[in-house]
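K.L.:
Kindly generate the corresponding structure for this input.
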Amino acid sequence: MSYIESDERKALRAAVAALAGKYGQEYFRKCAKEDLKTTELWKEAGELGFVGVNLPEEYGGGGAGMYELSIVMEELAAGGVGLLMLVVSPAICGNIIARFGTEDQKKKWLPGLASGEITMAFGITEPDAGSNSHQITTTARRDGDDWILAGQKVFISGVDQADAVLIVGRTEEAKTGKLAPALFIVPTDTKGFTATQIPMELENPEKQFQLFFDDMRLPGDALVGEPEAAFSQLFAGLNPERIMGAASAIGMGRYALEKAVAYAKDRTVWKQPIGSHQAIAHPLAEAKVELEMAKLMMHKAATLYDAGDDWGAAEPANMAKYAAAEAATKAVDRAVHTLGGNGLTSEYGLAPMLALVRIVKVAPVSREMILNFVAQTSLGLPKSY
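P.N.:
A predicted model of the protein is given here:
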């Protein structure tokens, strides 16, 4: 792992920042307020090769990795236009299909996922299980060559703009008879598939949904990989999810910090810019330090993941997501405080970020579950739940 980004990565970072600057936070907020999709931005990001930068070249992707996709996520978020579907469509679903899908599945889904012409959501969370795959009640049973899927999911992002959802269900193991996780690609027009939007107090164009599966009949090739290997397949998707969650948080923190620094340089009280006072400067400096530390851990996780070390990437991916969420939440709060009353006005665009950035402490995995993971796997402490 190098601490100096290659010229290619620097160029990617600059190109994505330019695209984000072309649209800006006002575009993002307009889409959210008027219930519009960020179609133009998504389409252009796909045409420029940003959406599928991590996917294999032979299926239309950029042939790079999670490091590069995290750059795309971070720079878009830092420009005020963080696209949540980047986390689920190319990062989770694209990686899982690229690594575990059949050749037919790869040919069918990956080119569209890479170009952005196909969008895929990801469904793991359930009302009574959260993200605990051991407690998932969505089940699939064989019926001849088909699968019958029944159950429900909650807080599934972007279903209204998705062509399909990669569903985490459970199937009966042939040897033990126990239920084990399995992954299914479910087109959103499948008979028995129902999506209901969840009202959210968030200014975000990408909406949340509850899904219901009423004995949906799926073809045999809807199953991704082996039905009894889904834990390893989940790692292939959940590590990128945490990396991208970190990238989104870091980008939001950078956006807020940039606004606060510009204000602190310009706002003058008692003949001095307020940024000259340590009471203003030190909190912002601390936010910068913590964002940069989180970014280093994110880069470590992405580097390990791209090297094929799923288990090795798990610890830094979780740590990066934890650190980035803490740092970004603090950065946004301190940015609002720096601007005082102006921090809550529409003009400066920081107030909506208070709710948006708070999500990253809860999703895609809560800070408490990350601490459980670190306590158990890194420190070797007894399981607490």
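
K.L.:
Do you have the strands of the stretch 1-150 of the chain handy? List them.
P.N.:
120-123, 139-143, 146-157 (DSSP state E, counting those that start in this stretch).

K.L.:
Distance to A64, mean pLDDT and mean neighbour count for those - can I get that in a markdown table?
P.N.:
C-beta: built from backbone N, CA, C; applies to glycine. Supplementary listing: the strands of the stretch 1-150 of the chain in a markdown table, determined by distance: least, CB to CB, whole Å; pLDDT from 0 to 100; neighbours: other CB atoms under 10 Å:
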| stretch | distance to A64 | mean pLDDT | mean neighbour count |
| --- | --- | --- | --- |
| strand 120-123 | 19 | 97 | 27 |
| strand 139-143 | 34 | 92 | 16 |
| strand 146-157 | 24 | 96 | 20 |
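
K.L.:
want to throw those strands into CSV with distance to K265?
P.N.:
Below are the strands of the stretch 1-150 of the chain laid out as CSV (distance: least, CB to CB, whole Å):
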stretch, distance to K265
strand 120-123, 41
strand 139-143, 58
strand 146-157, 37
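
K.L.:
so which of those gets nearest I92?
P.N.:
strand 120-123 (4.7 Å; CB to CB).

K.L.:
Can you tell me the strand partners of that closest one and which way each runs?
P.N.:
strand 164-172 (parallel) (DSSP bridges).

K.L.:
pLDDT averaged over the strand it pairs with - what is it?
P.N.:
Strand 164-172 comes out with an average pLDDT of 91.

K.L.:
now it against strand 139-143, angle please.
P.N.:
On the basis of axes from the mean of the first three to the mean of the last three CA atoms, to 10 degrees, strand 164-172 is oriented at 80 degrees to strand 139-143.

K.L.:
Low-confidence stretches in the stretch 251-385 of the chain?
P.N.:
For the stretch 251-385 of the chain, no stretch has pLDDT under 70.

K.L.:
can you pull out the strands in it?
P.N.:
Under DSSP E, counting those that start in this stretch, the stretch 251-385 of the chain gives strands at 268-269, 272-273.

K.L.:
Contact partners for P352?
P.N.:
R29, E203 (CB atoms under 8 Å, 6 or more residues apart in numbering).

K.L.:
picking up where we left off before, for the strands of the stretch 251-385 of the chain, which one ends up most surrounded?
P.N.:
By mean neighbour count, with neighbours taken as mean count of other CB atoms under 10 Å, strand 272-273 ranks first of those at a mean of 12.

K.L.:
List the strands paired with that strand, with their directions.
P.N.:
strand 268-269 (antiparallel).

K.L.:
Now find how far off-centre the strand it pairs with is within its chain.
P.N.:
40 Å (CA atoms, centre = their mean, to the nearest Å).

K.L.:
try stretch 46-62
P.N.:
Put simply, stretch 46-62 sits 17 Å off its chain's centre (CA atoms, centre = their mean).

K.L.:
Can you list the buried residues in it?
P.N.:
46, 48-56, 59-62 (16 or more other CB atoms under 10 Å).

K.L.:
and it, what's its mean pLDDT?
P.N.:
Stretch 46-62 comes out at a mean pLDDT of 98.

K.L.:
Kindly report the same for stretch 68-79.
P.N.:
pLDDT averaged over stretch 68-79 gives 98.

K.L.:
contacts for it?
P.N.:
For stretch 68-79, using CB under 8 Å, 6+ apart, the contacting residues are 9, 12-13, 16-17, 19-21, 23-25, 45, 50-51, 53-54, 62, 82-83, 86-87, 90-91, 240, 243-244, 246-252, 254-255, 258, 295, 298-299, 302.

K.L.:
Same question for stretch 154-164.
P.N.:
Everything outside stretch 154-164 that qualifies as a contact, by CB under 8 Å, 6+ apart, is 37, 84-85, 87-89, 109, 112, 118-123, 125-127, 165, 185-188, 195, 197-198, 206-211, 363.

K.L.:
residues in contact with G46?
P.N.:
Taking CB under 8 Å, 6+ apart, one finds G52, A114, S115, G116, E117 in contact with G46.

K.L.:
Now with 6 Å, please.
P.N.:
Neighbouring residues of G46 by CB atoms under 6 Å, 6 or more residues apart in numbering: S115, G116.

K.L.:
quick revisit: please narrow the contacts of stretch 68-79 to those residing in helices.
P.N.:
9, 12-13, 16-17, 19-21, 23-25, 45, 86, 240, 243-244, 246-252, 254-255, 258, 295, 298-299, 302 (DSSP state H).

K.L.:
what about burial for those, which qualify?
P.N.:
Buried among the ones in helices among the contacts of stretch 68-79 (16+ other CB under 10 Å): 12-13, 16-17, 19-20, 23, 25, 45, 86, 240, 243-244, 246-252, 254-255, 295, 298-299, 302.

K.L.:
any idea how far M244 is from G343?
P.N.:
M244 sits 27 Å away from G343, going by CB to CB, to the nearest Å.

K.L.:
Kindly report the same for D163.
P.N.:
According to CB to CB, D163 stands 39 Å off from G343.

K.L.:
same question, T102
P.N.:
51 Å.
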